[in-house]
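>>> here's a sequence, model it:
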Amino acid sequence: MNKYEKIRRLCIIIGSLMVVVGAFKILTRGNPLDESIGYVGVSNGSQIISVDGYKYSYNFDDEQSKLDNFVTIENAEDIPEIDYFINDDNCNLSVSFTEEYTGKPSYAVYNESFECIIESQPDLEMPGEIGKKYYIEVSVNWGDKDNNVTVKYYFAVNIKE
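The predicted model follows:
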């Protein structure tokens, strides 16, 4: 085998490898909007928890494409919990976001049976019955005004005295 044939075979091997890697990347790539998704944290003034997000829909202009495999609050596993001491002036629930989001987040509150007791609202308002656990759903749009992804985040709040 001469030098020319070795270079030719090497080029064919490298080209074939590039085709296989390219095809793999095309088949496994996600939606580019997923790169704009940030993280959500919840604090009560002394404790901070990180909250998992579940993609709900992709929104392009005025069209919404809901995901079939969306995880609802009833089906979410390992929902993180945080305590809220209702009589402690230093205990304030706050939700923080790591990235810039589009529009306003909305908050819904569910009881222990996952029945919605406060519909989507622009601010987090907590019922105050001591000894109860409430589940909170935070809905956030990540991306820009015309093209974004809606992600829902869940956490639980234990109301303490």
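>>> residue contacts, the one residue sitting closest to the centre of the chain?
The C-alpha lying nearest the average C-alpha coordinate of the chain belongs to residue 53 (Cα atoms, centre = their mean; 2.5 Å). For residue 53, the contact set (Cβ atoms under 8 Å, 6 or more residues apart in numbering) comprises 37, 39-40, 140, 151-153. Yep, even glycine has a C-beta here, placed from its N, CA and C like the rest.
>>> again with residue 114
For residue 114, the set of contacting residues under the criterion of Cβ under 8 Å, 6+ apart consists of 73-74, 135.
>>> go with 6 Å
residue 74 (Cβ atoms under 6 Å, 6 or more residues apart in numbering).
>>> please report how far it lies from residue 66.
Distance, residue 114 to residue 66, using Cβ to Cβ, to the nearest Å: 20 Å.
>>> residue 132 touches residue 159, doesn't it?
Yes - under the criterion of Cβ atoms under 6 Å, residue 132 lies in contact with residue 159, with a separation of 5.2 Å.
>>> more neighbours: which of these two?
For residue 132 against residue 159, the residue with the higher neighbour count under other Cβ atoms under 10 Å is residue 159, and the figures read 17 against 13.
>>> just say helix, strand or coil for residue 11.
Using DSSP: H, G, I helix; E, B strand; the rest coil, the three-state assignment for residue 11 comes out as helix.
>>> if I pick it, what's in contact with it?
Applying Cβ under 6 Å, 6+ apart as the definition, residue 11 turns out to have no contact partners.
>>> do you know the pLDDT at it?
Among the per-residue scores, residue 11 holds a pLDDT of 90.
>>> ok, now how distant is it from residue 23?
Going from residue 11 to residue 23 by Cβ to Cβ gives 19 Å.
>>> ranges for the strands of the chain?
If you assign secondary structure with DSSP state E, the strands in the chain sit at 40-43, 48-51, 53-60, 63-66, 81-85, 94-97, 101-110, 116-121, 133-143, 147-160.
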